[in-house]
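**Q** what follows is a predicted structure for the sequence shown.
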Amino acid sequence: MTRPGPRNLITDVAGLRVGNAQDAELCSGTTVLVADAPLVVGVHVMGGAPGTRETELLAPDRLVQEVDAIVLSGGSAFGLDAASGVMDGLRAQGRGFAVAGQYVPIVPAAILFDLANGGAKDWATNPYPALGRAALATAASDFALGSHGAGFGATTATVAGGLGSASWVLEGGATVGALVAANPVGSVTVGDGPHFWAAPFEWQDEFGGLGPAPRAAYALPPVTKLAREATTIAIVATDARLTQAQLTRLAVAAHDGMARAIVPSHTQFDGDLVFAVSTGAGPEATPLDMVALGHAAATCLARAIARAVYHAQPPARLTQKSWQATHRALD
C-alpha cells in the first residue's frame with residue numbers, strides 16, 4: 001500500500017534537507033533544497049511568466065549534469081539573487097563544480113511574484129542574497145509548512161498561499177516527495193467554500209479531511225489577482241536512480257498535480273515550474289517504474305499545494321487572510 005513517509009515531507013527522500021528564511025517586514029522569503037551530495041535535476045516550465053536562473057544547464061545534453069542546491073524564492077526577479085547567497089554559503093563549505101582550481105556551486109532557482117502583497121519593498125540593497133544564505137544555514141530534515149520560506153508572502157485567488165510538502169513510499173520501495181511554494185492566480189479551494197480541489201488525493205486528514213466539495217460548488221472561480229502577481233514553483237524528488245532525461249519527464253508528469261490542486265493553473269500570468277530531483281540512492285527506474293513515479297509525483301504535488309494553504313498563518317502585513325481564519329469556523 002502506498003503511504004507517506006515518516007515526516008510526510010520531501011525530506012523522506014533520504015539525504016535531502018530544506019531550509020527556510022523569511023522577513024516579516026518584507027513579507028517574503030526563500031527556501032533552499034540541498035543534499036549530502038550533488039543531485040541530478042531536470043526541469044519543466046508550463047506557466048507563461050517564468051522567472052528562473054541556471055535552468056538552461058538542466059537539459060540532458062549540457063556539460064554539467066549535477067547541481068548543489070535548488071532555490072525557490074519570493075521577490076520576483078530580485079529573488080533570483082537568493083541563489084547568490086546560497087552559492088556563497090556552499091563555496092565556504094568547499095562545495096561546487098571543480099574547474100580551474102576553483103569550486104563553482106551550481107544553484108538553479110525559480111521565483112514567484114509577491115511584490116504587491118503588503119510588505120515593505122522599498123529596500124536600498126537587495127535583501128535576497130542574505131535570505132538565501134540564511135535559508136541554507138537552517139537546512140534540515142524537518143521544516144515548517146505554511147507561512148515560511150518562499151511561501152511566507154504567498155497568496156492565492158481567495159486566501160493566503162504558503163509552503164507545502166508531502167511524500168509517498170511506493171510499494172516497490174521508492175520514495176517520492178514534493179516541495180512547493182503556492183502563489184497562483186487560480187484558487188486552491190472550490191468556489192467560496194473551504195473544500196480543496198486536491199481533496200480526492202488527500203491522505204487521511206492532512207489538510208482538514210473535508211472531502212470533495214458539493215457538486216453545486218464546482219464552477220470556474222473569478223481571476224482576482226492582478227496580472228503577473230502569481231506563480232507556483234515546485235520540486236519533486238525521488239531516491240530512484242533517474243537520468244536527466246527521465247527527470248525531465250518526471251517534472252512534466254508532476255505538473256498534473258498542479259492542475260489537480262489549482263484552478264485555473266498554468267496561466268499566462270503564472271510562471272509555473274517544476275524541478276525534478278534524484279538522489280540516485282535506489283535502483284534504476286524501468287519505463288514501467290516511470291509511470292508509477294510520475295503518478296506519485298503528481299499526487300504528492302497536489303497534496304503539498306493543499307497543505308501549503310491549510311497550514312498558512314500569514315504575517316499581519318499580508319493582503320489576504322489564512323484558510324484557517326476564513327474557513328475554520330465551518331469545521
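**A** Good, I have the coordinates.

**Q** can you list the low-confidence ranges for the stretch 1-150 of the chain?
**A** Scanning the stretch 1-150 of the chain for pLDDT under 70 picks out the ranges 1.

**Q** which residues of it fall in strands?
**A** Secondary structure of the stretch 1-150 of the chain, counting by DSSP state E, counting those that start in this stretch: strands at 16-23, 28-45, 52-53, 66-73, 97-99, 102-104, 109-111.

**Q** the fifth one: how far from the chain's middle?
**A** Yep, that's strand 97-99 we're talking about. When distances are taken as Cα atoms, centre = their mean, to the nearest Å, strand 97-99 is centred 28 Å away from the chain's centroid.

**Q** strand partners of that strand, parallel vs antiparallel please.
**A** strand 102-104 (antiparallel) (DSSP bridges).

**Q** for the strand it pairs with, which positions count as buried?
**A** Using 16 or more other Cβ atoms under 10 Å as the test for burial, strand 102-104 gives 103-104. C-beta coordinates here come from the backbone N, C-alpha and C atoms, glycine included.

**Q** for that strand, which outside residues touch it?
**A** Outside strand 102-104, the residues that touch it by Cβ atoms under 8 Å, 6 or more residues apart in numbering are 87, 91, 94-97.

**Q** can you pull out the strands in the stretch 151-300 of the chain?
**A** Taking DSSP E, counting those that start in this stretch as the criterion, the stretch 151-300 of the chain contains strands spanning 162-169, 175-182, 233-238, 273-278.

**Q** parallel or antiparallel, list what pairs with the second one.
**A** Right, the one you point to is strand 175-182. Strand 175-182 has the following sheet partners, assigned by DSSP bridges: strand 162-169 (antiparallel), strand 233-238 (antiparallel).

**Q** can you list the ones you listed in CSV and add distance to Tyr310 and mean neighbour count?
**A** Below are those laid out as CSV (distance: least, Cβ to Cβ, whole Å; neighbours: other Cβ atoms under 10 Å):
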stretch, distance to Tyr310, mean neighbour count
strand 162-169, 8, 29
strand 233-238, 16, 32
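
**Q** most neighbours, which of the contacts of strand 102-104?
**A** Looking at the contacts of strand 102-104 with neighbours defined as other Cβ atoms under 10 Å, the largest count falls to Met87 at 24 neighbours.

**Q** name the nearest residue to it, sequence neighbours excluded.
**A** Here the nearest residue to Met87 in space, its sequence neighbours aside, is Pro105; by Cβ to Cβ, 6 or more residues apart in numbering that works out to 4.5 Å.

**Q** equivalent analysis for Arg260, please.
**A** The shortest distance from Arg260 to any residue other than its chain neighbours is 4.4 Å, reached at Ala302 (Cβ to Cβ, 6+ apart).

**Q** let's verify the one you found: helix, strand, or coil?
**A** Following DSSP: H, G, I helix; E, B strand; the rest coil, we place Ala302 in the helix state.

**Q** OK, contacts around Pro314?
**A** Contacts here follow Cβ under 8 Å, 6+ apart; on that basis Pro314 touches 147, 152-153, 160, 162, 320-322.

**Q** next one: Asp12
**A** By Cβ under 8 Å, 6+ apart, Asp12 lies in contact with 4-6, 167, 169, 175, 177.

**Q** from those residues, which is closest to Gly29?
**A** Relative to Gly29, the closest of those is Gly177; by Cβ to Cβ it sits at 20.3 Å.

**Q** bridged to that closest one, which residues?
**A** Ser167, Ala237.

**Q** against Ser265, how distant is it?
**A** Computed as Cβ to Cβ, to the nearest Å, the Gly177 to Ser265 distance reads 20 Å.

**Q** these two: which is more packed in?
**A** Counting neighbours by other Cβ under 10 Å for Gly177 and for Ser265 shows that Gly177 has the greater number, 32 against 24.
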